[in-house]
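Peer 1: Here's a sequence, model it:
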Amino acid sequence: MLPRNRTGQHRRSTDRAVVEVVRDLARAQSDGDIARVLNRLGYRTGVGNTWTALRVLSLRRYHAIAAFERTADRRGLLTIAEAAPRLGVSAATVRRLIVLGLLPATQPVPHAPWAIRQEDLALDAVQRAIAVVKAGRSLPRTPDEAQLTLKESTT
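Peer 2: Next up is the predicted model:
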């Protein structure tokens with residue numbers, strides 16, 4: 001005997017992992033932006049369609065996930081594009097600070113925007129790095145994973 005689906009369950013349900021990703025992203029992104037991230041990650045709807053803003057809206061309403069509001073307090077979180085003018089540098093410099101580990105930031109899933117706390121912009125390491133950039137010197141380059149170091153050299 002095959003197990004029967006419970007009420008509200010069927011084979012065309014959206015994966016729970018997708019619902020959790022949407023729950024995380026809805027705190028800081030609009031439905032269209034969430035749809036773009038889900039499509040980049042290769043997630044599909046329960047029927048197998050790609051994501052659109054309307055489909056994300058429907059998923060959020062069904063699971064009672066609050067929508068992102070730009071006017072609401074985002075708990076002091078900034079994106080790279082918002083942090084760059086506050087620091088007086090380019091977005092690429094802010095991204096490099098994150099990759100180098102000088103500027104703490106979180107990213108709920110790959111391809112989602114980075115979330116930077118406003119207080120972290122005032123950290124000593126960040127301010128020293130910004131001073132170096134503004135003085136005309138460059139930050140150290142991010143390491144290339146393909147390049148061997150002397151410890152890893154086979155010669």
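
Peer 1: what's the residue most central in space within the chain in contact with, if anything?
Peer 2: Nearest to the mean C-alpha position of the chain, by Cα atoms, centre = their mean, lies Ala112 at 2.7 Å. Neighbour list for Ala112: Asp24, Leu25, Gln29, Val37 [criterion: Cβ atoms under 8 Å, 6 or more residues apart in numbering]. Glycine gets a C-beta too; all of them are placed from N, C-alpha and C.

Peer 1: From those, which one has the minimum pLDDT?
Peer 2: Minimum pLDDT across the contacts of Ala112 is recorded for Gln29, with 83.

Peer 1: how deep is it tucked in, by neighbour count?
Peer 2: By the criterion of other Cβ atoms under 10 Å, Gln29 has 21 neighbours.

Peer 1: ok, it to Gln127 distance?
Peer 2: 29 Å (Cβ to Cβ, to the nearest Å).

Peer 1: rewinding a little: backbone dihedrals for the residue nearest to the centre of the chain, both of them.
Peer 2: Per-residue torsions, Ala112: phi -90, psi 160 (degrees, to the nearest 10).

Peer 1: what does the one 5 residues further on give?
Peer 2: Recorded main-chain torsions at Arg117 are phi -70, psi 140, according to degrees, to the nearest 10.

Peer 1: Around it, how many other residues sit close by?
Peer 2: Counted with other Cβ under 10 Å, the neighbours of Arg117 add up to 17.

Peer 1: Leu77 is in contact with that one, correct?
Peer 2: Yes. Contact status for Arg117 versus Leu77: in contact at 6.3 Å, counting by Cβ atoms under 8 Å.

Peer 1: List the buried residues in stretch 22-30.
Peer 2: Under the neighbour-count criterion of 16 or more other Cβ atoms under 10 Å, stretch 22-30 has Val22, Arg23, Asp24, Leu25, Ala26, Ala28, Gln29, Ser30 buried.

Peer 1: Could I get the pLDDT score of the second one?
Peer 2: This points to Arg23. pLDDT for Arg23: 90.

Peer 1: From Trp114, how far out is it?
Peer 2: 18 Å.

Peer 1: try the fourth one
Peer 2: When distances are taken as Cβ to Cβ, Leu25 and Trp114 turn out to be 13 Å apart.
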